[in-house]
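**Q** A structural model of the following input is requested.
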Amino acid sequence: MSIRQVDAGASFLADRGYEVRRPDSGAEPPAVATPDDDADPPFGTARETAIDPLADADPTTVLSRLWTNRNHDRATLFVVDDTETAEAVADLLAPPLGVVSADADGRRTFFDGPDRVPLAEGGYAAVPASDEVEWREVGNGETFQLVLRTDDGEVLGALDGVGNLDCPPRATFPYAYVRDDDKRIRVHDFHGRPVETFSGIRAMREGGFAPVAAPLVPEHMLDGDVDGWWGVLVTADDSVVTAPADSPER
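**A** Residues are numbered from 1 along each chain as shown. The predicted structure is shown next:
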C-alpha cells in the first residue's frame, strides 16, 4: 500500500467536503471518506467512499476491490500516479466490463484470473507449456461456448459457457496435474494415464506442462451496476478519470 497515494486521496476528498477516517482493521480500505451535507462528489452520488491506492491496473485487484466496496455501499476512489494507469483502469471498467475485448456479437475474450481450473476427478487442468493460450467465447445467439485456445486458434478445451467452470471433467483438457502427499507434482493425460512426475510447478513448466489459469469472469465477481460507483484520481495533477479518454470498440 502506498501511504502517499492514500494521503493524496484523503486530501482530495477532504477538500470536497468529506470527512476521512483511517480504519485500524486490515479488513477495511486504508481510508474511508464520508460526505457532509454540502459535499461536492468527484463522481456519481455523494456517498461513503473507499480510498484505494493502485500500483497498476491489475484486473483482479481492480474488480475485487470495487465490488467489495460496492457490497458495503461504498464508492471507490482508486488513486494512481499517472494518467496511463488511470485510463487503463477506466478502460477495464467501461463496457464491456472487465474483459480484454468483446466483438459486435458480445463474444468476450477474458483476462487470466489468479485461480487454477479444478477438475471433477481431482487435481487441476494443464496444457503444453509451449502454448500461449486464452479463454474466448465462441458461437452464435445468446448462448456461447467457452473455449481455451492457442494464439493460432487451436482449441485445447471447451465448456458449455462460463457457468461450467466449476470442476469440469478431466477429459476437457489435454493434461491434468495433482500434488501428492509427498509434495511431488504428477501429470496425467486426459484419460488419467501417468505422464511425468516433477518436484514442483517450476519443474513442471520446465518439463513442458503449464497450469491453466481460470478466466476472470466479471459476472462471477460483480453482480450489479458499477456506473457512478468509481473514479480514478491521478496524483500528478489531481484529475479524476471516470471513463476512457476515447472509447473505441474493444
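
**Q** Just the CA trace of stretch 130-142, in CSV.
**A** Presented in CSV, the C-alpha positions along stretch 130-142 are these (Å, rounded to 0.1, in the frame of the first residue of the first chain):
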residue,chain,number,x,y,z
SER,A,130,4.9,-24.1,-25.2
ASP,A,131,1.4,-22.8,-26.0
GLU,A,132,0.2,-19.3,-25.3
VAL,A,133,-3.5,-19.7,-24.5
GLU,A,134,-6.5,-17.5,-24.0
TRP,A,135,-10.1,-18.0,-22.9
ARG,A,136,-12.6,-16.9,-25.5
GLU,A,137,-16.4,-17.2,-26.1
VAL,A,138,-17.5,-18.6,-29.4
GLY,A,139,-20.8,-19.4,-31.1
ASN,A,140,-23.9,-17.5,-32.1
GLY,A,141,-27.0,-16.3,-30.4
GLU,A,142,-27.4,-15.8,-26.6
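
**Q** For it, buried residues please.
**A** Neighbour counts over stretch 130-142 (16 or more other CB atoms under 10 Å) mark 133-137 as buried. The C-beta positions use only the backbone N, C-alpha and C, and glycine is treated the same way.

**Q** if I look at the residue most central in space within the chain, how far off is residue 117?
**A** In the chain, the residue lying closest to the centroid (CA atoms, centre = their mean) is residue 60, at 2.5 Å. Taken as CB to CB, to the nearest Å, the spacing of residue 60 relative to residue 117 amounts to 15 Å.

**Q** about what we covered before: give the helix, strand or coil label for the residue nearest to the centre of the chain.
**A** Recorded secondary structure, residue 60: helix (DSSP: H, G, I helix; E, B strand; the rest coil).
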